[in-house]
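[1] A predicted structure for the sequence below; I have some questions about it.
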Amino acid sequence: MTPGATARALGRTSWLTALVVVLTLLCVGTATAAATRPWSPVALPWGASWPVNDVYAFGATSLAAAGDGGHIGITSDGGRSWSVVVPEGLEAAAFTTIAVDSSGHGVVASGGLLLVTDDGGRTWRPPSYVGPGPGAAFNDVALHDSQAVAVGDSGVIMRSSDAGATWRKLASPTLSSLTSVAIAGDGTAVAGSAAGEILVGVADAWALAGAVEGIVSSVAASTDPVWGDGRPDLFAATGSDVLGSDDALTFASLPGLPDLTSQPWPSLAWAGAPERCLLIAGAGNAGFFEPLGQNWLPGSTGLGGTSRAVAPGGQSVAYLLATDGRLVRTLSAGREPATVELTKKRIVAGETTRLAATVSVDAPGSVLLRQRVPGRPWETARTASWASGDWKRSLSFLLDPSLTHEYLLEFKYGEDTVELAPLAEVVVVPKLGTTRSRLELRVGDVYRFSGSVTPKLAGETVGLLTDRGGSWRPVSLQGSVKLKDGRTWSSRPFGTPKAETYRLRAHLPGTRAHAEAWSRTLTVTIR
């Protein structure tokens with residue numbers, strides 16, 4: 001019988017324990033894989049008692065939310081914490097649309113009421129109007145630099161050129177309810193109506209630029225338009241089709257899109273990175289589409305339906321607000337956030353291995369390499385700064401663990417952290433050494449079988465086996481011995497009553513912190 005077979009025969013209890021550990025790790029691995037899918041949950045700004053009706057992404061790591069009960073929420077740290085206010089006297093208001101920018105200006109609407117802020121959402125006040133007020137309920141607002149546009153029922157279009165402080169009602173080419181509005185990087189605006197009309201506005205002048213069957217449910221605009229270059233910069237969604245415009249005058253269905261008729265695809269957002277891409281969100285899936293190359297990357301969001309898609313633009317970050325109020329985010333434009341490879345997954349103590357990662361994130365933040373001995377707390381081992389434009393940047397970490405370690409790659413976006421890939425494990429085999437490999441003795445001599453362990457393993461025991469009698473079995477009366485100070489081990493004294501030759505070997509059972517190890521064979525010759 002081999003030493004390994006003997007250990008298995010002697011260690012049924014240890015085997016069952018190891019099985020439980022393996023099953024536990026498998027469960028942990030499954031949970032981790034689910035947590036690292038491209039879309040991950042973002043904490044909501046308030047409890048479930050008040051629904052979130054709209055969200056708006058802006059700045060590097062900021063998001064605004066509007067909801068029932070007069071609730072307005074702002075986060076600047078990627079959703080880790082929210083600042084929530086309820087304007088005085090508006091505790092019963094249902095805010096349905098919001099837009100905020102990185103300079104601190106913002107607009108929120110409830111019915112025909114507009115409120116504006118210039119201090120990042122800490123305080124809100126009614127704006128001033130030049131001429132008549134809206135006279136109808138607002139359905140959407142957009143903000144870019146000093147320009148703001150609000151659209152609503154009966155074709156109402158309101159415009160502000162001072163970031164919302166004062167508003168003026170514009171002549172509208174339609175009396176239909178306007179559902180959505182977006183502003184491109186050069187100030188060109190696009191809006192859609194419940195009657196299928198697509199409107200384009202430049203400064204105070206708005207005109208019809210297209211019409212489709214059904215409702216225009218969402219519009220989007222590029223943050224850096226280049227008109228006439230063959231790539232559309234304005235977009236409109238009808239639920240089963242997406243149209244684009246490269247001249248701000250006419251719209252046509254985007255070539256290269258897959259068939260979208262199998263489910264509604266009501267929401268659009270301009271992401272812009274890693275390629276000049278558009279986010280198209282449907283009932284249970286979302287996809288990123290690059291119009292020029294006609295590249296379509298769909299994926300499951302884990303949501304039953306989407307009511308709003310938003311993105312800060314110029315990043316691979318985007319958010320989806322579900323119809324049931326959940327909020328999810330991708331840092332990687334719907335791709336797998338990172339791939340991780342180890343040059344060696346199993347090493348002997350003292351050896352090294354390398355963890356190589358390719359990170360598909362185009363956003364400001366930090367990549368964290370986290371590590372732990374299984375069952376112990378996580379700690380940060382390395383940190384790499386990350387910037388917009390670092391899409392598919394490669395990282396390499398040289399690892400020299402003395403015990404088995406689990407490694408996890410995370411991305412810090414603002415103050416929020418998101419797992420980028422399932423954990424990777426490096427199993428470490430301790431060195432189990434003996435002081436001698438051969439002993440030449442005379443009958444009647446006394447000796448000990450001894451050695452050491454690297455690394456230090458406090459509280460562990462070493463099993464002693466012999467092939468004396470023809471097969472490997474525990475040494476009689478001293479089958480295992482404790483490590484002294486976690487380092488050295490020694491048997492009780494051995495007697496030598498007769499002339500013979502046999503072998504001894506030491507065995508260290510595996511645990512979650514290290515793999516099992518065998519010593520070399522000590523040959524004992526007694527003459």
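    Ah, there it is. Residues are numbered from 1 along each chain as shown.
[2] Give me the helices and strands touching the strand or helix carrying residue 150, please.
    Using DSSP states H and E, residue 150 sits within strand 147-152. Counting contacts by 3 or more Cβ pairs under 8 Å, 6 or more residues apart in numbering; DSSP states H and E, strand 147-152 packs against strand 106-110, strand 138-144, strand 157-160, strand 178-183, strand 189-193. (C-beta placed from N, C-alpha, C; glycine too.)
[3] Contacts for the third one, please.
    Applying Cβ atoms under 8 Å, 6 or more residues apart in numbering, the contact partners of strand 157-160 are 107, 114, 127, 134, 138, 146-151, 166-170, 172, 178, 191, 199, 201, 204, 206.
[4] nearest spatial neighbour of residue 386, skipping sequence neighbours?
    Leaving aside its sequence neighbours, residue 386 sits nearest to residue 365 (Cβ to Cβ, 6 or more residues apart in numbering; 4.9 Å).
[5] The one you found: neighbouring residues, count only.
    27 (other Cβ atoms under 10 Å).
[6] now swap in residue 383 and tell me
    Residue 383, neighbours per other Cβ under 10 Å, totals 11.
[7] burial count for the nearest residue to residue 227 once chain neighbours are set aside?
    Distances taken as Cβ to Cβ, 6+ apart place residue 247 nearest to residue 227, at 5.9 Å, with adjacent residues excluded. A count of neighbours around residue 247, defined by other Cβ under 10 Å, yields 13.
[8] from memory residue 247 sits against residue 228, does it?
    Yes - between residue 247 and residue 228 a contact is recorded at 6.2 Å, counting by Cβ atoms under 8 Å.
[9] Let me know the distance separating the residue nearest to residue 227 from residue 210.
    The spacing between residue 247 and residue 210, counted by Cβ to Cβ, to the nearest Å, is 11 Å.
[10] For the spatially most central residue of the chain, which residues are in contact?
    In the chain, the C-alpha closest to the average C-alpha coordinate belongs to residue 418, at a distance of 4.0 Å (Cα atoms, centre = their mean). Applying Cβ under 8 Å, 6+ apart to residue 418 gives the contacts 40, 329, 331, 337, 410, 411.
[11] Can I take it that it is in a strand?
    Yes - assessed by DSSP: H, G, I helix; E, B strand; the rest coil, residue 418 belongs to a strand.
[12] and the gap between it and residue 80?
    Applying Cβ to Cβ to residue 418 and residue 80 gives a distance of 11 Å.
[13] And residue 274, by the same measure?
    As for residue 274, its distance to residue 80 is 25 Å (criterion: Cβ to Cβ).
[14] between these two, which one's more packed in?
    A count of neighbours by other Cβ under 10 Å puts residue 274 above the other of residue 274 and residue 80, at 20 against 16.
[15] need the contact list for that one.
    By Cβ under 8 Å, 6+ apart, the contact list for residue 274 reads 316, 333, 360, 362, 391, 392.
[16] which of the residues you listed are buried?
    316, 333, 360, 362, 391 (16 or more other Cβ atoms under 10 Å).
[17] What segments of the stretch 151-300 of the chain are strands?
    Taking DSSP state E, counting those that start in this stretch as the test, the strands found in the stretch 151-300 of the chain are 157-160, 166-169, 178-183, 189-193, 197-202, 205-211, 218-221, 234-237, 242-245, 252-253, 267-270, 278-281, 285-290, 295-300.
[18] now what about the fourth one, what contacts it?
    Residues from elsewhere that reach strand 189-193, judged by Cβ under 8 Å, 6+ apart: 140, 142, 147, 149, 151, 155, 157, 174, 176-184, 198-202, 206, 209, 215-221, 234-237, 245, 248.
[19] do the shortest one as well
    With Cβ under 8 Å, 6+ apart as the contact definition, strand 252-253 has outside contacts at 241, 242, 243, 244, 245.
[20] mind checking pLDDT for the third one?
    I take that to be residue 243. Reading off the confidence values, residue 243 has pLDDT 97.
[21] how much space between it and residue 293?
    18 Å.
[22] Looking at those two, which is more packed in?
    Neighbour count, other Cβ under 10 Å: between residue 243 and residue 293, residue 243 has more, with 22 against 12.
[23] Filter the contacts of strand 189-193 down to the buried ones.
    The buried subset of the contacts of strand 189-193 (16+ other Cβ under 10 Å) comprises 140, 142, 147, 149, 151, 155, 157, 174, 176-184, 198-201, 206, 209, 215-221, 234-237, 245, 248.
[24] what's residue 61 in contact with, if anything?
    76, 77, 78, 364, 365, 413, 414, 416.
[25] how near is it to residue 221?
    22 Å.
[26] Output the lowest mean pLDDT helix or strand found in this structure.
    helix 12-35 (a mean of 33; mean pLDDT, DSSP states H and E).
[27] continuing past that one, what's the next helix or strand?
    Assigned by DSSP H and E, the successor of helix 12-35 is strand 39-41.
[28] quick one, the helix or strand that that next one is followed by and strand 106-110 angle?
    For strand 39-41, the succeeding helix or strand toward the C-terminus, using DSSP H and E, is strand 52-58. Between strand 52-58 and strand 106-110, the angle comes out at 160 degrees (axes from the mean of the first three to the mean of the last three Cα atoms, to 10 degrees).
[29] Many thanks, I have nothing further to ask.
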